[in-house]
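Asks: following is a predicted model, sequence given first.
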Amino acid sequence: MSDEGRSVSNSELASLCRQFSALLHAEINILEIFEALRAQTNNPYLREILDSVREDAEMGATLAVAFSRYPQTFSPFFVSMVRQGEIEGELDRIMGELADHFDTRLEDKPDASRLRGMAFDWETATSALLWVMAWGAVLVAACLLGTGLLIYAQDAVPGNLAGNVCLLVGVILLLAVLLISRGRYRSR
């Protein structure tokens, strides 16, 4: 298929988002929504995308992840809005806002920002950085706890300030990592 036939216009995206919003608001099953959307589009490429996204959703992937597999069609803005809608439990409202967004585009051609390919994903980069920092903090905490225990093993004096400081800082770091990671998983 030519590149011309493998694109989705802004009006098609607006229609898709508006129908998605209405069906979600009517509390239709997500898999049935994709069947209805597929049946209502005339664009074979969009049908192909909807089939793939439906399969991903059926396998347990989030919609944001499923849509992100098509960066030429769904911009990082679209994917982040869907992700936020899923987190907040207001995907119907978000899809309505996305429909309004695509309706405001005057030209009926694909958004140029979607055609540039993959954009830098700040959310993934931030997640990776937090993961590295958390494991770094765990490593430092383990070293401090080990050092504190070695100081206690060598000195028979339990009041040694260096040993107490190492143990205290190590425990505080471990607790901080535990609390931060627990809060992160709870917010998902």
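Replies: Cool, the structure landed. Remember, predicted model here, so these are calculated numbers, not experimental data.
Asks: how is this structure partitioned into domains?
Replies: Listed domain ranges for the chain are 4-114, 122-186 (source: automatic domain parsing).
Asks: all strands of the protein, in order?
Replies: With strands called from DSSP state E, the chain shows none.
Asks: could you pick out the longest helix of this structure?
Replies: helix 122-154 (DSSP state H).
Asks: before we move on, the earlier item: just name the most buried of the domains of the chain.
Replies: Sort the domains of the chain by mean neighbour count, taking mean count of other Cβ atoms under 10 Å, and domain 4-114 sits at the top with a mean of 16. Quick note: C-beta positions are derived from backbone N, CA and C, even for glycine.
Asks: where does the prediction get shaky in the chain?
Replies: The chain contains residues with pLDDT under 70 at 1-5, 106-121, 156-160, 183-188.
Asks: okay, which residue is most central for it?
Replies: The geometric centre of the chain, computed from its C-alpha atoms, lies nearest to Arg83 (Cα atoms, centre = their mean), at 5.5 Å.
Asks: show me what contacts that residue?
Replies: Taking Cβ atoms under 8 Å, 6 or more residues apart in numbering as the criterion, Arg83 is in contact with 62, 64, 123.
Asks: also Leu168?
Replies: Per Cβ under 8 Å, 6+ apart, neighbours of Leu168: none.
Asks: mind listing the helices for the protein?
Replies: Remark: helices assigned in the chain by DSSP H are 10-25, 30-40, 44-58, 63-68, 76-88, 91-103, 122-154, 161-186.
Asks: from Ala22, how far off is the closest residue to Thr62 other than its chain neighbours?
Replies: Among residues not flanking Thr62 along the chain, Glu86 sits closest, at 5.7 Å (Cβ to Cβ, 6 or more residues apart in numbering). Glu86 sits at a distance of 18 Å from Ala22 (criterion: Cβ to Cβ, to the nearest Å).
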